[in-house]
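[1] after the sequence you'll find the predicted model.
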Amino acid sequence: MFEKLRKILDKVEADYADVRHEIKKETVISFNGKELTQIGSNSTDGYMARVLKDGGMSSVVFTKENDAEKAVLAVSANARLIAESIEAPVRLARSEAVKDTFLPALKEDPRKVPIIEKLELVRKYNDIPLAHERIATTSISYEEVIREKYFVSSEGAEVREDLVTTRLLGEIISKDGNLAQNVRVRAGGSNGFSTIRNQDEYFEGQTAIVLDLLKAKPVEGGAHNCILNPSLAGVFTHEAFGHYSEADLIKGLPAMREKMKIGGKLGSDVLNIIDNPTLPNQLGFYKYDDEGVRARPTQLMKNGVLTGRMHSRRTAAEFGEPISGHCVAEDYRFPPIIRMGTIFIEPGTHSFEELTDMLEDGLYILDAKGGATSGESFTFGAQYGYMVKGGKIAQMVRDINISGNLYQTLKDITAVGNDLVLSKVGGCGKGPVMQSNIRSCSGGPHILVNNLVIGGA
């Protein structure tokens, strides 16, 4: 394959060019209640070429090798046209021209598991909640995505890497009269089909929670001191902070660039945030991004001080900062853009019991349930929570929404737990042409946050 891609590059006259080829294989099994609504697999493949000429950069996608010459002529012409009208010529930061093949070590390759075995496993999990009288319905899916990627550049890079993602996701819905409640189910990862096995206890636990929610009271709105569990800590870190650490999102926003200035004190002294796509066996793991740049840990915040951000080669040159290996495409149909890999708050020193003692009276809030950000403001839902009284977990509460200001909340994180849990299933949409990154991983330890604004349903 590298030889074929080199032949395509040989047809390009440019300051820089690269070509990606990818074979993408997908399997989906879905249940809605007891009904099997979808089962099947498909495979697609295609090419993405990028050309930099005279400061203009353009990209083109094509699916047939025979169309390569026509495609590179068109993308080269487009790059020259862009160069004639662009205010600041595109430059790319220097990067090592890597030659490497990386095939991840999997705990049971999903490609070797028969689809009938996958179906029966998903059916078994789906039947666990449906065995209970007050479970109204379920929506459970198994999704498998395998990307076999090849990358070459005019600088001499040649990279082959496979990304394998398996995941169970959906929701369980309970009902008592007119009251309905739901919880999400999430399992999976990037290190093989074994992450899908042995989930019976997890499904039983999620079923118990959604049934308990029918007896829970709505949360009392107002400002509360709260403990957020790792799921919510991760969603806050990803959505409210992480996106503004992606250089392409702030490069055209002078006010935001000033606020997100390296060296600025944004958070409390106990807060350390990193994005590390090199952590093995995690959902956000990869060795090379889609520019052929080796992934590396990027310390975004240290003791509340902004210390770094995520870059493509283009933004690293624009900002005069180090490349980070965070330029990722959803698949061959899209040019790569800056994406988070595995972003999380680093563990602190406190046990969960110490956090509840420090909280004394407040709320313990668990598991993200959607949300949105607008500038500095954020709003997230939580699946459920508990009152905390005198440092002890008390009654369950429901219908929880959290809102706040990013910068104030970063300062209001007063204590960080010594545990760390990273997400098993990810999903993040971004870009003018929406790209969904299913391997976007977030998480953290439990964190104690003062004065969170809590609203009910």
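    Nice, thanks for sending it over.
[2] residues contacting the residue minimising distance to the centre of the chain?
    By Cα atoms, centre = their mean, the chain has its centre lying nearest to Ser440, at 1.8 Å. Residues near Ser440 by Cβ atoms under 8 Å, 6 or more residues apart in numbering: 238, 283-284, 339-341, 426-428. Where C-beta positions appear, they are placed from N, C-alpha and C, glycine not excepted.
[3] hmm, try it at 10 Å
    Residues near Ser440 by Cβ atoms under 10 Å, 6 or more residues apart in numbering: 238, 242, 283-284, 328, 339-343, 423, 425-430.
[4] which of those residues are buried, as a PyMOL select command?
    What follows is the PyMOL syntax for the buried subset of the contacts of Ser440, where burial is set by 16 or more other Cβ atoms under 10 Å:
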select buried, resi 238+242+283+284+328+339+340+341+342+343+423+425+426+428+430
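[5] just the buried residues of the longest helix anywhere in the chain, please?
    In the chain, taking DSSP state H as the definition, the longest helix is helix 68-85. For helix 68-85, burial by neighbour count (16+ other Cβ under 10 Å) applies to 68, 71-72, 74-76, 78-80, 82-83.
[6] stretch 6-16 too?
    Those would be 8-9, 12, 14-16, for stretch 6-16 by 16+ other Cβ under 10 Å.
[7] residue ranges with poor pLDDT in the stretch 301-450 of the chain?
    Along the stretch 301-450 of the chain, no part satisfies pLDDT under 70.
[8] chain center to stretch 232-252: distance?
    Put simply, stretch 232-252 sits 11 Å off its chain's centre (Cα atoms, centre = their mean, to the nearest Å).
[9] now do the end-to-end distance for it.
    This stretch, stretch 232-252, spans 29 Å end to end (Cα to Cα, to the nearest Å).
[10] how near is the residue lying closest to Gln199 once chain neighbours are set aside to Gly205?
    Excluding the flanking residues, the one nearest Gln199 by Cβ to Cβ, 6 or more residues apart in numbering is Ala187, at 5.2 Å. Applying Cβ to Cβ, to the nearest Å, the value for Ala187 to Gly205 is 12 Å.
[11] and Lys7, by the same measure?
    In terms of Cβ to Cβ, Lys7 sits 54 Å off from Gly205.
[12] related to what we said a few turns ago, dump the buried residues of stretch 6-16 to CSV, plus secondary structure, distance to Ala105 and pLDDT.
    Shown next, in CSV, are those (DSSP: H, G, I helix; E, B strand; the rest coil; distance: Cβ to Cβ, whole Å; pLDDT from 0 to 100):
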residue, secondary structure, distance to Ala105, pLDDT
Ile8, helix, 31, 93
Leu9, helix, 31, 93
Val12, coil, 36, 92
Ala14, coil, 37, 94
Asp15, coil, 38, 96
Tyr16, strand, 33, 97
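[13] which single one of the residues you listed is nearest to Asp54?
    Asp15 (7.1 Å; Cβ to Cβ).
[14] dump the residue contacts of the residue nearest to that closest one when sequence neighbours are not counted.
    The shortest distance from Asp15 to any non-neighbouring residue, by Cβ to Cβ, 6+ apart, is to Leu52 (5.0 Å). The neighbours of Leu52, taking Cβ under 10 Å, 6+ apart as the test, are 14-18, 58, 76, 79, 82-83, 89-92, 154, 313-314.
[15] just to revisit the earlier point, the residue nearest to Gln199: helix or strand, and which one exactly?
    Element membership for Ala187 (DSSP states H and E) is strand 179-189.
[16] who does that strand pair up with?
    The pairing partners recorded for strand 179-189 under DSSP bridges are strand 158-176 (antiparallel).
[17] put the alpha carbons of the strand holding Ala187 into CSV.
    Extracted C-alpha coordinates of strand 179-189, given in CSV (Å, rounded to 0.1, in the frame of the first residue of the first chain):
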residue,chain,number,x,y,z
LEU,A,179,-43.2,9.0,36.0
ALA,A,180,-40.5,7.7,33.7
GLN,A,181,-36.8,7.6,34.4
ASN,A,182,-33.7,6.5,32.4
VAL,A,183,-30.1,5.7,32.9
ARG,A,184,-27.4,5.2,30.3
VAL,A,185,-25.3,2.1,29.8
ARG,A,186,-21.8,2.3,28.5
ALA,A,187,-19.1,-0.4,28.1
GLY,A,188,-16.3,-1.0,25.7
GLY,A,189,-12.8,0.2,24.8
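[18] look at Ala187 and Gly205 and report which has more neighbours.
    Ala187 (20 against 12; other Cβ atoms under 10 Å).
[19] please name the bridge partners of the more buried one.
    Leu168.
[20] so which elements touch the longest helix of the chain?
    Contacts defined by 3 or more Cβ pairs under 10 Å, 6 or more residues apart in numbering; DSSP states H and E place helix 68-85 against helix 2-9, strand 16-32, strand 35-53, strand 56-62.
[21] least confident of those, on average?
    If you rank the helices and strands packed on helix 68-85 by mean pLDDT, helix 2-9 sits at the bottom with a mean of 94.
[22] which strands or helices does it pack on?
    With 3+ Cβ pairs under 10 Å, 6+ apart as the test, helix 2-9 has strand 16-32, strand 35-53, helix 68-85, strand 135-153, strand 158-176 packed against it.
[23] would TSV of the ones you listed with distance to Asp289 be doable?
    As requested, the helices and strands packed on helix 2-9 are exported to TSV (distance: least, Cβ to Cβ, whole Å):
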stretch	distance to Asp289
strand 16-32	11
strand 35-53	13
helix 68-85	20
strand 135-153	9
strand 158-176	9
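[24] out of those, nearest to Met1?
    Using Cβ to Cβ, the nearest of these to Met1 is strand 135-153, at 4.8 Å.
[25] what packs against the closest one?
    helix 2-9, strand 16-32, strand 35-53, strand 99-102, helix 115-130, strand 158-176, strand 179-189, helix 200-212.
[26] mind doing that once more with 6 Å?
    Where contact means 3 or more Cβ pairs under 6 Å, 6 or more residues apart in numbering; DSSP states H and E, strand 135-153 is packed against helix 2-9, strand 16-32, helix 115-130, strand 158-176.
[27] let's see it as CSV, backbone CA atoms only.
    Output of strand 135-153 as CSV, limited to C-alpha atoms (Å, rounded to 0.1, in the frame of the first residue of the first chain):
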residue,chain,number,x,y,z
ILE,A,135,-38.7,-1.5,33.2
ALA,A,136,-40.7,0.0,30.3
THR,A,137,-38.2,-0.6,27.5
THR,A,138,-34.5,-0.5,26.6
SER,A,139,-32.4,0.7,23.7
ILE,A,140,-29.2,-1.2,23.5
SER,A,141,-26.6,-1.4,20.7
TYR,A,142,-23.3,-3.0,20.0
GLU,A,143,-21.0,-1.1,17.7
GLU,A,144,-17.7,-2.1,16.3
VAL,A,145,-15.4,0.1,14.2
ILE,A,146,-12.1,-1.1,12.8
ARG,A,147,-9.9,1.4,10.9
GLU,A,148,-6.9,0.1,9.0
LYS,A,149,-4.9,3.3,8.2
TYR,A,150,-2.0,4.1,5.9
PHE,A,151,-0.3,7.5,5.7
VAL,A,152,2.6,8.8,3.6
SER,A,153,3.9,12.3,3.2
